[in-house]
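Colleague: show me how the following folds:
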Amino acid sequence: MTEETPLSIIIVGAGFAGLTAAIECHRKGFTNLLLLEKSPSLAPLGDIISFGQNSSRIFNNWGNLRDQLDPIIHKAEEVHFHDASGRYVTTQSFKEEHRAWGPRINGHRGEIHSLVYHHALSLGIPIRLGISVTKYFETPSHAGVETSSGETFTADLVLAAEGVRSKARTLILGSEDLLTLPSGYAVFRSWFPTPPSLYTSPLTSHLVSKGDTHHAWIGTDVHFLAASIKSGREISWVCTHVDASDIAESWQLPGSKAAALAVLEGWDPAVRELVGATPEGRLVDYKLVFRDPLPTFVSPEGRTLLVGDAAHPFLPTSIQGASQAMEDGVVLAVCLDRIKGDRSRLREAVGVWEGLRYERVHRIQRTGVTTREQWHKADWDVIWKEPEVLHLKREGWILDFDSEKDAEERYDSVKEGLVKEGKL
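Modeller: Numbering: from 1, shown residues only. Next up is the predicted model:
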C-alpha cells in the first residue's frame with residue numbers, strides 16, 4: 001500500500017460489525033476509512049448483549065478497552081435453570097470454560113457499544129452521523145453509495161454493515177430482496193435500575209441481593225431469562241414467546257406488561273413479580289426474524305460486501321450474532337493486509353474473506369434454532385432424569401476460536417481452492 005494512493009474503504013453502519021471492521025482495518029494500517037451512520041446520535045440504548053470467547057478476545061487488542069469494560073459487564077459464572085412453575089432443575093457452571101477459553105463478555109448493549117464507538121473515534125477514524133444511504137453502486141474501478149441528502153461517496157471497497165434491511169443486498173443479489181422471514185417468535189426485552197421492591201420481596205430478593213446472578217425458566221414454547229448486573233444494581237430480563245402480533249414493519253413495538261404477564265400466566269410468581277416491577281417505557285416486544293442463507297456476500301465486481309446482520313442475522317438463542325459480526329471485520333482486515341492494499345488483488349482478498357466466513361457463519365446460525373427447540377420442545381420426563389439436557393451447548397469449534405489466527409493460517413489454502421475452482 002503506497003502513501004500516495006492508499007486503499008479507500010467506506011463502511012455503512014456504526015454497529016458492532018461496522019465499528020469492528022473500521023478498528024481492525026485501522027489496526028492493520030488502513031487509514032483511508034470513512035464510516036457512515038444513519039442515526040443522528042448514538043445514545044446508549046438497548047438491553048443485554050453477549051460476546052462469546054471467540055469475540056471477547058478481540059477486545060483485548062484494542063488498547064485499554066478491555067479494562068474499561070470490566071466494571072460494566074456481568075460477572076456471574078453460572079446459570080440456574082427452573083421449570084415454569086419455579087421448581088429448581090439444574091445449574092450450569094462456566095468456570096472451567098472460562099479457565100480454558102477465557103471470559104465471556106455480557107452487558108448492556110448501549111454501554112458496550114458506546115465504549116467501542118469512542119475507541120474508534122480516539123483512533124481518528126472519521127464517523128459521520130445522520131447519513132442515510134439510499135443506494136449502492138459500483139463499477140469495475142470503484143464502489144460507492146448515494147445518500148438521502150444527495151451526496152455521493154466512492155471508494156475502492158464498500159462494506160454494508162447497517163443490518164438486515166441493507167439496500168446493498170439488491171446490488172449483490174441482482175434483484176429486489178424480500179428481506180427476512182418471520183421465525184414465528186418474538187421476544188420481550190427489558191433492562192432497568194433495580195427498584196427497592198425487588199430487594200425487599202421474598203420472591204425476588206435472591207435475584208438481586210447476591211451480586212450478579214443469572215436464572216432461566218423453561219416452559220412450553222416460552223423461555224424467560226433474568227440477569228442482575230453491577231452487583232444487583234441493575235437487572236435485565238428477556239422472554240421469548242410465540243409471535244402473536246403483527247409487527248412486521250418495525251419489528252419492534254413498545255412492550256405491554258399485560259401481554260407479557262398473559263404469556264406467563266401460571267408461571268413462577270418471582271417471574272411475574274419481576275415483570276410487574278418493570279418501569280413504563282422500559283419494555284419492548286421485538287420480532288425475531290431469520291433469512292435463508294444468501295448465495296453470496298459479495299457483489300459482482302467484488303467491491304461491495306455484506307457484513308454482520310446484513311449478511312447473516314442470528315436468533316438470540318445462538319448467542320453469537322454480535323460475535324460473528326466482529327469476526328467478519330477481523331477476518332476482512334487480515335485479508336486486506338495480505339494483499340497490502342494492492343488494488344489488482346482486491347478480488348482475491350474479498351474472495352478469500354468470503355471463503356473463510358461463509359460456511360462458519362451459516363453453521364453457527366443453525367445453532368440458534370436447535371437451542372430454542374432444546375428448551376421450547378423439552379421432554380420433562382427426560383429432563384427430571386437428566387437435568388443437564390437443559391444446559392447450553394458450549395462448543396469449542398465456536399468459542400475456542402481465534403478468527404485472526406485462523407484467517408492468517410488458512411488464507412493461502414482458501415486462495416488455492418478458489419484458483420482451482422476458476423474463481424480467481
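Colleague: report the central residue of the chain.
Modeller: Nearest to the mean C-alpha position of the chain, counting by C-alpha atoms, centre = their mean, stands residue 322 at 2.1 Å.
Colleague: what helix or strand is it on?
Modeller: Under DSSP states H and E, the secondary-structure element containing residue 322 is helix 321-339.
Colleague: longest strand anywhere in this structure?
Modeller: If you go by DSSP state E, the chain has its longest strand at strand 181-193.
Colleague: now do the buried residues in it.
Modeller: Of the residues in strand 181-193, those buried by neighbour count under the rule 16 or more other C-beta atoms under 10 Å are 183, 185, 186, 187, 188, 189, 190, 191, 192. (Glycine included, C-beta is placed from N, CA and C.)
Colleague: returning to what we had before: show me what the helix holding residue 322 is packed up against.
Modeller: Applying 3 or more C-beta pairs under 8 Å, 6 or more residues apart in numbering; DSSP states H and E, one finds that helix 321-339 contacts helix 16-27, strand 48-51, helix 53-59, helix 346-376, helix 403-420.
Colleague: closest to residue 160 out of these?
Modeller: Ranking the helices and strands packed on helix 321-339 by their distance to residue 160 (criterion: C-beta to C-beta) puts helix 16-27 first, at 9.0 Å.
Colleague: the helix or strand following that closest one - contacts with which helices or strands?
Modeller: Note on helix 16-27: by DSSP H and E, the next helix or strand toward the C-terminus is strand 33-37. Contacting strand 33-37 under the criterion 3+ C-beta pairs under 8 Å, 6+ apart are the following elements: strand 9-12, helix 16-27, strand 127-129, strand 152-155.
Colleague: could you rerun that using 7 Å?
Modeller: Here strand 33-37 touches strand 9-12, helix 16-27, strand 127-129, going by 3 or more C-beta pairs under 7 Å, 6 or more residues apart in numbering; DSSP states H and E.
Colleague: what lines up beside the first one in the sheet?
Modeller: If I follow you right, that is strand 9-12. Within its sheet, and counting by DSSP bridges, strand 9-12 is paired with strand 33-37 (parallel), strand 157-160 (parallel).
Colleague: how about that strand as PDB, C-alpha atoms only?
Modeller: As requested, C-alpha coordinates have been extracted for strand 9-12 and formatted as PDB (Å, rounded to 0.1, in the frame of the first residue of the first chain):
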ATOM      1  CA  ILE A   9     -12.800   1.900   2.400                       C
ATOM      2  CA  ILE A  10     -16.400   3.100   3.100                       C
ATOM      3  CA  ILE A  11     -18.300   1.400   5.900                       C
ATOM      4  CA  VAL A  12     -22.000   1.900   6.200                       C
END
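Colleague: how far does that strand sit from the chain's center?
Modeller: Centroid separation for strand 9-12 versus its chain: 19 Å, with C-alpha atoms, centre = their mean, to the nearest Å.
Colleague: what lies in contact with it?
Modeller: Contacts of strand 9-12 from elsewhere in the structure, counted by C-beta atoms under 7 Å, 6 or more residues apart in numbering, are 18, 21-22, 25, 30, 32-36, 133, 145, 153, 155-162.
Colleague: does residue 192 really touch residue 278, like I thought?
Modeller: Yes. The pair residue 192 / residue 278 is scored as a contact, 6.3 Å apart, by C-beta atoms under 7 Å.
Colleague: tell me the helix or strand right after the longest strand of the chain.
Modeller: Taking DSSP H and E as the definition, the helix or strand that follows strand 181-193 towards the C-terminus is helix 196-200.
Colleague: circling back to that earlier point, ok, the buried residues of strand 181-193 vs residue 307, which is closest?
Modeller: Closest to residue 307, out of all of the buried residues of strand 181-193 and judged by C-beta to C-beta, is residue 183, at 21.7 Å.
Colleague: tell me where the stretch 151-300 of the chain is predicted with low confidence.
Modeller: Filtered on pLDDT under 70, the stretch 151-300 of the chain yields the residue ranges 175-183, 244-253, 289-291.
Colleague: now the helices for it?
Modeller: Counting by DSSP state H, counting those that start in this stretch, one finds helices in the stretch 151-300 of the chain at the ranges 168-173, 196-200, 205-208, 257-263, 269-276.
Colleague: would you turn the ones you listed into a markdown table with distance to residue 13?
Modeller: A markdown table is the format used below for the helices of the stretch 151-300 of the chain (distance: least, C-beta to C-beta, whole Å):
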| stretch | distance to residue 13 |
| --- | --- |
| helix 168-173 | 10 |
| helix 196-200 | 36 |
| helix 205-208 | 35 |
| helix 257-263 | 31 |
| helix 269-276 | 33 |
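Colleague: hey, which of the ones you listed is tucked in deepest?
Modeller: Burial of the helices of the stretch 151-300 of the chain is given as mean neighbour count (mean count of other C-beta atoms under 10 Å); helix 168-173 ranks first at a mean of 21.
Colleague: gap between that one and the chain center?
Modeller: 21 Å.
Colleague: residues contacting that helix, please?
Modeller: Taking C-beta under 7 Å, 6+ apart as the rule, helix 168-173 contacts 136, 138, 160, 176, 177, 294, 296, 298, 299, 304, 306, 310.
Colleague: repeat that for 10 Å
Modeller: Contacts of helix 168-173 from elsewhere in the structure, counted by C-beta atoms under 10 Å, 6 or more residues apart in numbering, are 12-13, 133, 135-138, 143, 145, 158-162, 166, 175-179, 291, 294-301, 303-307, 310-311.
Colleague: among those residues, name the buried ones.
Modeller: By the neighbour-count criterion of 16+ other C-beta under 10 Å, those include these buried positions: 12-13, 133, 136-138, 143, 145, 158-162, 166, 177, 291, 294, 297-299, 301, 303-307, 310-311.
Colleague: is it true that residue 164 touches residue 294?
Modeller: No. Between residue 164 and residue 294 there is no contact, the gap being 11.4 Å when judged by C-beta atoms under 10 Å.
Colleague: can you check which residues contact both of residue 192 and residue 278?
Modeller: 235, 237.
Colleague: tell me the secondary structure for the residue nearest to residue 394 when sequence neighbours are not counted?
Modeller: In space, residue 394 comes closest to residue 97 once its chain neighbours are excluded; the distance is 5.6 Å by C-beta to C-beta, 6 or more residues apart in numbering. Residue 97 falls in the helix class when you classify it by DSSP: H, G, I helix; E, B strand; the rest coil.
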